[in-house]
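Undergrad: Here is my input; please provide its structure:
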Amino acid sequence: MTATQPTQAHVSEKQARQVAEAARETEWRKPSFGKELFLGRLRLDLIDPWPAAEPDPAFLGRLREYLRTVDGARIEREDRIPDEVFHGLAELGAFGMKIDETYGGLGLSNLHYCKALTLIGSVSPAAGALLSAHQSIGVPQPLKIFGTAEQKAEFLPRLAAGEVSAFLLTEPDVGSDPARLATVAEPVEGGYRLNGVKLWATNGTVATLLVVMARVPGRGITAFVVEGDAPGITVERRNSFLGLRGLENSLTRFHDVFVPERNVVGGPGKGLRIALTTLNTGRLSLPAMCVGASKRALAIAREWSAQRVQWGHPVGRHEAVAGKLAFMAATTYAMESMLDLSCAIADDDRNDIRIEAALVKLYASEMAWRIADELIQIRGGRGYERSDSLEARGERAAEAEQLLRDLRINRIFEGSTEIMHLLIAREAVDAHLAVAGDIIDPEAGLGRKTRAGVRAGAFYAKWLPTLAVGRGQAPSAYAEFGPLAGHMRYAERASRKLARSTFYAMSRWQGKLERKQGFLGRIVDIGAELFAMSAACVRARGEQAHRPEGVELADLFCRQARLRAEALFAALWANNDSVDVRAAKRLLADRYAFLEEGVLAPHADDHPWVAAWEAGPSTAEDVRRRIPPR
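TA: Okay, the predicted model is just below:
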C-alpha cells in the first residue's frame, strides 16, 4: 500500500467542539471537591481531615542515594542523559514506579510517585520529564486503565524493566484541536496501516513502545500501542528547546506501519477519551516537578537574602525583597499542599479528581514560574548568570536561570494555561449545562427547550437559595481551624459568590459564554485560589501537632490569595476584554503594522510558520537513540 498526500479537510468550530465534547467523561460517579466548589459548596468533608502520613517506601531512600551520583550539570551542559543514568534508573525500578508489582513494577502510590519525581527533577529536570512522560502519559498508564490482560502481560514487564515509552498525539498543525488530526490508521487484514507525522513526542527518540493517536476512517480517533522499531517508523528530528536540556523529544514519521489488531487500546474511537482519562492522574506529575523547582528556588533565595548585605542590612530584610520571599515561601507551601492532597484522595479512590488535578497543574505551573522569576530578581545579575559561569569565578553554582528556563514549558505541557482554563471552566459549568444546555443551544427545538426549562426551573429553585446564606457568615464557624478559621469562612463565602457570578454570566450571555474566555479564565483562577487556600488550611491543621509553623505559612498564603481572589472578582465585570478583542482584530488586519518598523529580523527567510508534510517514505536520516545493554 502506498500512502497518499494527507488532506486536512476543513473542520468547523462546531465540529471541533463536538469532537472535544465527545471525549469528555460525562458522568460523575464519585464526589468532587472541585466540582462542588464551583457550585458554591465548600465540601470540606471531602478533603478533611488531612490524610495520615504513610511511611516512605525503601525505594525513595535508594533513589535519593543514587541521585547523589548523577551529575545534573553534565546533563545540562551536554544536552543528553548519559546511558549509565538510564541503566541506573532502570536497576532501581524507576521506569516501573507506577506499574503494578504483578508486572514487575514497584506499584507506588500517586503520592510516593510524585515525591520520587520531585527528587529526580531536583537533580535533572530532563530526567524527571523522561520518567514522567514514560509513566504518566506513556504506555503504562493507558494500559493500566484501559488495557486488556494480554496487553498488560505483553508490554508492562518490558517497561518496568527499563524500556522507554512515549505518547504521540500532537502533529505539526494540530495541537489542542484534535478534530483536525491527520495521522490515519487504515484497516487492513489483521490490523491497521499507520501513516502520518507526529511532533514533540517526549521520549520519542529513545522510546521502544509508543502510544499513537490516529484517525480510523469512520470510527474516530483511536489509541494504538506501536513498537518503536517497527518497519516504516523514522525519527526524523531530535527537537531542541529553551530549557529541559537532555530531553529526548522527536519528530516521528509513520509510513505504512503495520499495527496488529490486538494493539488497539480501549477499542476504536476511544483514543481521546483514553488520553483525557489518563491525564486525570497523569497531570499530577507536572506539579510534582514544579514543587521541587520551587523548593530549590526558595532555598537559594533564603540563603542568598540572609548573606547578601546592602545598605547595612541583609537584602532579605528590605521590604521590597521581603515581600518576594514571603510570596515564595507561602506559595510553595500551598502548592505542595494542593499536590499532596490531590495525590492522597486519588490514592484512596474516594473522589473524582479530574478538576483538582487540572487545578493543581494550572496553579503550580503558573506560580512556579513566578517564583523562579522572583528568584532571578532577588539574585540580580547573578540570577541572570549561568551557574557554570558563577562557579568558574569562585562563587556558588546556583542554577537560577536554568530553573526559569526549565519551568517555562510547564505552562504549555499537557494543556497550556489557556486550554486548561477552558477545560476546567467546561467542567465547572457542567451542572448548569446538564439541566439548561438546550435552553441556550440555538439548534434545539421548542420541545427540547421547553423540557430544559422545566428541568432548569426545578434545579435552580433548589440551588439558588443555597447561595445566599452559608456557614461562612457565622462568626464562630470553622472554629476547629483556630487562627485559620477566618480564612475558611472567606473561602466558603467566596465559593458561593463564585457560583453566583457564574450563574449571572450564563443568564447574561447564554450560549455566548463559551466565547468569554477572559471571564472563564478568571472564574477558574478564583477557584484555584480557593482550592489552594482550603488545602493549605486543612494541611496546617492536620500537621499542627508536629509542625506548628505550617499554620503561619497557611495564614500567610491565605492573606496573599485573598487579595488575588478579590482582584479577580472585581475584574470579572470591570475589564478591557471586549476592547482587547477589537484591538487584536485590527492588529491581525495589519492596521498597526507600522509599529514593527525600524528593526531588522535576525535572519530573513521564507519558511512557513508551520511546516507542511507529505505522506510517504522518509527522506531524512533516522536519529533515534537506543540505549545499549550494560
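
Undergrad: CA atoms only for the host helix or strand of residue 63, dumped as CSV, please.
TA: Here residue 63 is covered by helix 58-67, with elements defined by DSSP states H and E. Coordinates of the C-alpha atoms in helix 58-67 are reproduced here as CSV (Å, rounded to 0.1, in the frame of the first residue of the first chain):
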residue,chain,number,x,y,z
ALA,A,58,12.5,2.0,50.8
PHE,A,59,12.7,2.9,47.1
LEU,A,60,12.8,6.6,47.9
GLY,A,61,15.8,6.2,50.1
ARG,A,62,17.6,4.2,47.5
LEU,A,63,16.6,6.7,44.8
ARG,A,64,17.9,9.6,46.9
GLU,A,65,21.3,7.9,47.4
TYR,A,66,21.6,7.0,43.7
LEU,A,67,20.7,10.6,42.6
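
Undergrad: Now do the next helix or strand after that helix: which elements does it pack against?
TA: Proceeding N to C from helix 58-67, the next assigned helix or strand is helix 72-78, under DSSP H and E. Judged by 3 or more C-beta pairs under 8 Å, 6 or more residues apart in numbering; DSSP states H and E, the packing partners of helix 72-78 are helix 125-132, helix 387-392. All C-beta atoms are positioned from the backbone trio N, CA, C, and that covers glycine.

Undergrad: Show residues contacting helix 72-78.
TA: Contacts with helix 72-78, where a contact means C-beta atoms under 8 Å, 6 or more residues apart in numbering, come from 81-82, 85, 123-124, 126-127, 245-246, 387-388, 397, 399, 402.

Undergrad: now these: which count as buried?
TA: Buried subset of the contacts of helix 72-78 (neighbour count, 16 or more other C-beta atoms under 10 Å): 81, 85, 123, 124, 126, 127, 245, 246, 387, 399, 402.

Undergrad: now the strands for the stretch 201-350 of the chain?
TA: 209-216, 220-227, 233-238, 249-260, 264-265, 309-310, 313-314 (DSSP state E, counting those that start in this stretch).

Undergrad: ok, and which of those strands has the densest surroundings?
TA: strand 209-216 (a mean of 24; mean count of other C-beta atoms under 10 Å).

Undergrad: Run through the neighbouring helices and strands of that strand.
TA: Of the remaining helices and strands, those touching strand 209-216 by 3+ C-beta pairs under 8 Å, 6+ apart are helix 149-160, strand 165-168, strand 184-188, strand 191-202, strand 220-227, strand 249-260, helix 271-282.

Undergrad: out of those, which comes closest to residue 610?
TA: Closest of the helices and strands packed on strand 209-216 to residue 610 is strand 191-202, at 9.7 Å (criterion: C-beta to C-beta).

Undergrad: Test my guess that residue 493 contacts residue 470.
TA: Yes. At 6.8 Å, residue 493 counts as touching residue 470 under the criterion of C-beta atoms under 8 Å.

Undergrad: so what's residue 462 up against?
TA: Neighbour list for residue 462: empty [criterion: C-beta under 8 Å, 6+ apart].

Undergrad: distance of it from residue 27?
TA: 21 Å (C-beta to C-beta, to the nearest Å).

Undergrad: Residue 285 too?
TA: For residue 285, the distance to residue 27 equals 25 Å [C-beta to C-beta].

Undergrad: And residue 522, by the same measure?
TA: 28 Å.

Undergrad: Compare the two (neighbour count), which wins?
TA: Neighbours were counted for residue 522 and for residue 27 using other C-beta atoms under 10 Å; residue 522 has more, 25 against 7.

Undergrad: I'd say that one and residue 573 touch.
TA: No. Using C-beta under 8 Å, residue 522 makes no contact with residue 573, being 9.9 Å away.

Undergrad: Many thanks, I have nothing further to ask.
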